[in-house]
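Undergrad: Here is my input; please provide its structure:
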Amino acid sequence: MPIWLEVIVRTLVSAVILFLLTRMLGKRQISQLSFFEYITGITIGSITAYLSVDVDTHWYLGIVSMAVWFLVSLGIEYLQIKSKKARDLIDSKSTVLIKDGKIMEENLKKEKITNDELLEQLRKKSIFQAAQVEFAVIEPDGQINALLKKEYQPLTPSDLGIKIAPEPEPQTVIIDGNIMDEPLATLGLSRRWLHTELEKVGVSLDNVNLAQVDGYGQFYVDLYDDQVQVPQPQEKASLLAQLKKCEADLEMFALSTDEASAKQMYGTCSEKLMKVINEVKPLLS
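TA: Numbers count the residues shown, from 1 in each chain. Have a look, this model is predicted:
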């Protein structure tokens with residue numbers, strides 16, 4: 001076999017083996033790596049490259065070496081799952097960098113992080129003053145996570161006493177001009193409904209790059225032609241307007257009638273509907 005052909009075959013075989021081993025090791029190998037995973041990735045990659053081009057060595061020796069590293073890495077991952085002490089020893093522990101707005105200089109030196117690097121990581125999280133941070137730690141994977149002090153945290157509906165319903169998962173119903181039947185079925189919708197929605201916004205199916213339907217039934221579409229302006233969904237605003245109109249009609253009926261029982265009935269219904277409007281307004285705004 002010519003050398004160039006042997007190099008091609010070795011490279012393809014190595015790539016397939018490396019792909020299979022990586023898939024078997026799990027998604028952690030392609031996420032933020034621990035110390036050992038970093039070493040394992042470099043070593044197996046180096047062995048793969050060496051196996052591809054070094055035609056003077058026996059190819060099976062490289063595969064044996066890759067298999068040993070794979071088994072060691074698999075054993076280490078199993079040990080980490082079963083033992084916290086092993087996790088702490090192999091991955092190390094998280095380290096506190098800021099506590100109560102005070103930077104822990106000794107811990108910065110321990111992790112070999114400068115003040116500039118710490119501030120840079122905080123700015124990436126939209127935090128520009130270290131004094132606003134209640135707690136910040138560097139995780140074993142090198143990421144810095146920070147918790148703002150209570151007074152600097154953004155307001156949430158819970159802080160205002162507003163109850164928010166769970167947000168249903170949006171479904172992608174068109175990708176690259178092709179209709180996705182499974183997401184449509186999940187929403188209980190049909191192709192006929194989808195074509196009707198496309199007609200409402202005045203676009204054709206072949207011009208649709210991406211289309212989604214949120215949990216409230218609102219239809220969003222992105223077109224290949226960016227010059228075409230697509231109307232924004234109005235279902236929520238329309239429903240809110242209809243509720244307000246109904247409440248206004250009930251209030252008007254209560255003011256226009258002279259019959260006491262009818263006036264009380266319309267007034268009570270108006271108050272109940274206003275309460276409903278106030279509760280659902282955050283969802284429909």
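Undergrad: which regions of the stretch 1-150 of the chain sit below the pLDDT cut-off?
TA: Within the stretch 1-150 of the chain, the set of residues satisfying pLDDT under 70 comprises 1, 3-4, 6-7, 10, 14, 18-19, 21-38, 53-57, 59, 87-91.
Undergrad: all strands of it, in order?
TA: Residue ranges of the strands in the stretch 1-150 of the chain, as given by DSSP state E, counting those that start in this stretch, are 95-99, 102-103, 133-138, 144-148.
Undergrad: Among those, which comes closest to Pro282?
TA: strand 144-148 (23.4 Å; Cβ to Cβ). Every C-beta, even on glycine, is put in place using the N, C-alpha and C of the backbone.
Undergrad: From the rest of the structure, what touches that closest one?
TA: The contact list for strand 144-148 (Cβ atoms under 8 Å, 6 or more residues apart in numbering) reads 97-98, 118, 121-122, 125, 127, 132-139.
Undergrad: what lines up beside the helix or strand following that strand in the sheet?
TA: Scanning forward in sequence from strand 144-148 by DSSP states H and E, the next helix or strand is strand 171-175. Sheet pairing for strand 171-175, assigned by DSSP bridges, gives strand 178-179 (antiparallel), strand 208-213 (antiparallel).
Undergrad: Alpha carbons of the last one, as PDB, please.
TA: Think strand 208-213. Included here for strand 208-213 are C-alpha records, laid out as PDB according to Å, rounded to 0.1, in the frame of the first residue of the first chain:
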ATOM      1  CA  VAL A 208     -39.600  31.400   5.600                       C
ATOM      2  CA  ASN A 209     -36.300  30.700   7.300                       C
ATOM      3  CA  LEU A 210     -37.700  29.900  10.800                       C
ATOM      4  CA  ALA A 211     -41.200  30.000  12.300                       C
ATOM      5  CA  GLN A 212     -42.200  29.400  15.900                       C
ATOM      6  CA  VAL A 213     -45.400  29.200  17.900                       C
END
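Undergrad: Output the contacting helices and strands for the helix or strand following it.
TA: On the C-terminal side of strand 208-213, the nearest following helix or strand under DSSP H and E is strand 219-223. Contact here means 3 or more Cβ pairs under 8 Å, 6 or more residues apart in numbering; DSSP states H and E; on that basis strand 219-223 packs against helix 191-201, strand 208-213.
Undergrad: ok, residues contacting the last one?
TA: Under the criterion Cβ under 8 Å, 6+ apart, residues 170-177, 183, 187, 189, 194, 198, 219-224 lie in contact with strand 208-213.
Undergrad: Try it again at 7 Å.
TA: In this structure, residues lying in contact with strand 208-213 by Cβ atoms under 7 Å, 6 or more residues apart in numbering are 170-177, 187, 219-224.
Undergrad: residues of it that come out buried?
TA: Neighbour-count burial for strand 208-213, counted by 16 or more other Cβ atoms under 10 Å, picks out 208, 211-213.
Undergrad: what does stretch 198-209 give?
TA: So, applying 16+ other Cβ under 10 Å, buried residues of stretch 198-209: 198, 201, 203, 208.
Undergrad: Ends of that stretch, what's the gap?
TA: By Cα to Cα, to the nearest Å, the extent of stretch 198-209 from end to end equals 13 Å.
Undergrad: For Ile63, give its distance to Thr43.
TA: Distance of Ile63 to Thr43, computed by Cβ to Cβ, to the nearest Å: 14 Å.
Undergrad: Equivalent analysis for Lys112, please.
TA: Lys112 is 24 Å from Thr43, by Cβ to Cβ.
Undergrad: Next, count neighbours for the closest residue in space to Ser92 that isn't next to it in sequence.
TA: Counting by Cβ to Cβ, 6 or more residues apart in numbering, Ser92 lies nearest to Pro140, which is 5.2 Å off, once chain neighbours are set aside. Residues lying near Pro140 (other Cβ atoms under 10 Å) number 16.
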